[in-house]
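Chemist: Predicted model and sequence below, questions to follow.
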Amino acid sequence: MGLFYLLSEKASILREEFNLRTYDYEYPEELLAHAPCENRSESRLLDYSKEIIQHRKFSQLAEVFQEPCVFVRNNTRVRHARLFGQKETGGKVECLLTRRHTSKIWEGLFRPAKRLRQGQILTFSEGVSLLILESLSDGHFKVEITDSTDLEEYLESNGQVPLPPYIREFEGEPERYQTVFSRELGSSAAPTAGLHFDEDLIRSLQARGHKFVDLTLHIGPGTFQPIDTLDIREFRIHKEFIEVSQECVDSVQQAMQGDIPVVCVGTTSLRALETVWKVHKNPRPYSGWTDLFLYPGTTVKTADYLLTNFHLPRSSLLVLVAALIGVRSMQELYNEALKLEYRLFSFGDCMCIPNLSRTRKR
């Protein structure tokens with residue numbers, strides 16, 4: 001009772017944009033998209049680019065951006081990293097391998113994790129075995145493959161694409177949970193705003209003078225972790241590995257200097273780009289880790305616009321949307337989307353929003 005009182009008192013004095021309750025909402029289960037649209041670019045697009053709500057198809061993106069832009073996209077590719085095996089006792093075990101340390105040493109999320117211990121051997125199809133080296137935290141373990149099998153190749157042949165936990169009974173092609181421009185293997189989840197692009201749309205936009213540049217952010221399972229602090233500023237976001245090339249840095253800098261709009265395809269592209277601009281006063285290529293958390297009050301320096309799907313309640317991704325357009329506009333757009341039955345989350349529809357956190361010409 002005392003704890004509840006203290007939390008309630010704290011909630012009453014927290015500014016709205018920092019209060020976790022601001023980012024909670026209810027949605028009808030039938031709006032949760034368990035499968036993608038038949039054609040990628042035929043998903044719906046809630047267009048708020050001009051600060052008025054318009055409803056389009058994603059294939060009409062050229063009507064949103066009529067003048068040439070630079071689209072920054074995340075070229076990560078989702079590993080087939082979900083495996084099912086058994087313990088030496090015969091008990092079943094499931095794992096999601098999330099990080100490669102060396103060719104033999106990996107890190108992963110295992111369940112059930114309660115009875116797993118250092119020194120245990122877990123066996124999977126084709127006789128492949130993993131030795132538990134170390135317990136980390138929250139069901140994560142460091143493991144070593146016990147023979148000379150190339151685990152990366154083994155996963156591509158024997159593993160499953162790790163769909164988000166809220167997607168059930170998807171029977172489509174695993175490639176539909178990859179972007180058409182995915183190149184760099186290493187993610188535990190797809191950069192979902194990129195799923196709406198097909199090759200025809202990309203070629204059509206390029207023919208109109210738009211440019212596409214790639215960077216890499218390998219998405220970890222922590223992307224699905226809800227914020228668990230009442231004051232969102234106290235939340236510690238997960239770390240993810242990024243690589244941003246000289247070509248990407250140069251293209252964005254030239255666009256910013258020439259008042260050419262920069263459009264980030266997804267929150268991961270935005271976080272990777274912003275990390276580079278925050279790490280270096282004079283931006284240059286970067287390879288390393290990011291735990292950048294963007295929330296209202298932080299200024300986003302790089303992007304003029306963001307293409308992004310609709311996000312889970314209490315998620316850091318929803319907070320990022322509010323960082324760009326403010327809490328009131330974020331809530332207005334989500335209310336509109338729910339009223340008009342937009343499809344939600346990874347396989348769902350998309351929105352386009354401006355970056356109102358700075359004043360550079362859009």
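Modeler: Structure received.

Chemist: List the buried residues for stretch 90-99?
Modeler: 93, 95-99 (16 or more other CB atoms under 10 Å). Yep, even glycine has a C-beta here, placed from its N, CA and C like the rest.

Chemist: Closest to Pro164 out of the residues you listed?
Modeler: Ranked by distance to Pro164 (CB to CB), the buried residues of stretch 90-99 are led by Leu96 at 11.6 Å.

Chemist: how many neighbours does the nearest residue to Gln246 once chain neighbours are set aside have?
Modeler: Distances taken as CB to CB, 6 or more residues apart in numbering put Pro285 closest to Gln246, at 4.9 Å, once the chain neighbours are dropped. A count of neighbours around Pro285, defined by other CB atoms under 10 Å, yields 15.

Chemist: same thing with Ala62?
Modeler: Residues lying near Ala62 (other CB under 10 Å) number 13.

Chemist: so Gly85 sits in a helix?
Modeler: No: assignment of Gly85 by DSSP: H, G, I helix; E, B strand; the rest coil gives strand, placing it outside any helix.

Chemist: ok, now which ones touch the closest residue to it other than its chain neighbours?
Modeler: Of all residues not flanking Gly85 in the chain, Phe124 sits nearest, at 3.8 Å (CB to CB, 6+ apart). Neighbouring residues of Phe124 by CB atoms under 8 Å, 6 or more residues apart in numbering: 83-85, 130, 158.

Chemist: same check, this time on Asn335
Modeler: Asn335 neighbours (CB under 8 Å, 6+ apart): none.

Chemist: Gly91 too?
Modeler: Arg115.

Chemist: doesn't Thr275 make contact with Leu292?
Modeler: Yes: using CB atoms under 8 Å, Leu292 is in contact with Thr275, at 5.0 Å.

Chemist: Look at the two and report which has more neighbours.
Modeler: Thr275 (22 against 19).

Chemist: how long is stretch 148-164 end to end?
Modeler: End-to-end distance for stretch 148-164: 31 Å, by CA to CA, to the nearest Å.

Chemist: typo on my end, it should be stretch 44-54
Modeler: End to end - CA to CA - stretch 44-54 spans 11 Å.

Chemist: tell me the mean pLDDT over it?
Modeler: Across stretch 44-54, pLDDT averages out at 97.

Chemist: Residues touching that stretch, excluding its own?
Modeler: 55-58, 60-61, 64-65, 196, 305, 325, 329, 332-333, 336-337, 342-343, 349-354, 356.

Chemist: in that stretch, what counts as buried?
Modeler: In stretch 44-54, counting by 16+ other CB under 10 Å, buried: 44-49.

Chemist: try stretch 173-183
Modeler: 176-179, 181-182.

Chemist: same thing with stretch 106-119?
Modeler: Those would be 106-110, 116, for stretch 106-119 by 16+ other CB under 10 Å.

Chemist: Tell me which of those fall in helices.
Modeler: Members of these lying in helices (criterion: DSSP state H): none.

Chemist: what pairs with the helix or strand harbouring Leu131, and is each one parallel or antiparallel?
Modeler: Per DSSP states H and E, Leu131 falls inside strand 129-135. Partner strands and pairing direction for strand 129-135 (DSSP bridges) are strand 121-123 (antiparallel), strand 140-145 (antiparallel).

Chemist: what does the last one rub up against?
Modeler: Contacts of strand 140-145 with the rest of the structure, by CB under 8 Å, 6+ apart, involve 98, 101, 104-110, 113, 116, 122, 128-136, 151.

Chemist: That strand: how far from the chain's middle?
Modeler: Here strand 140-145 is found 24 Å from its chain centre; the criterion is CA atoms, centre = their mean, to the nearest Å.
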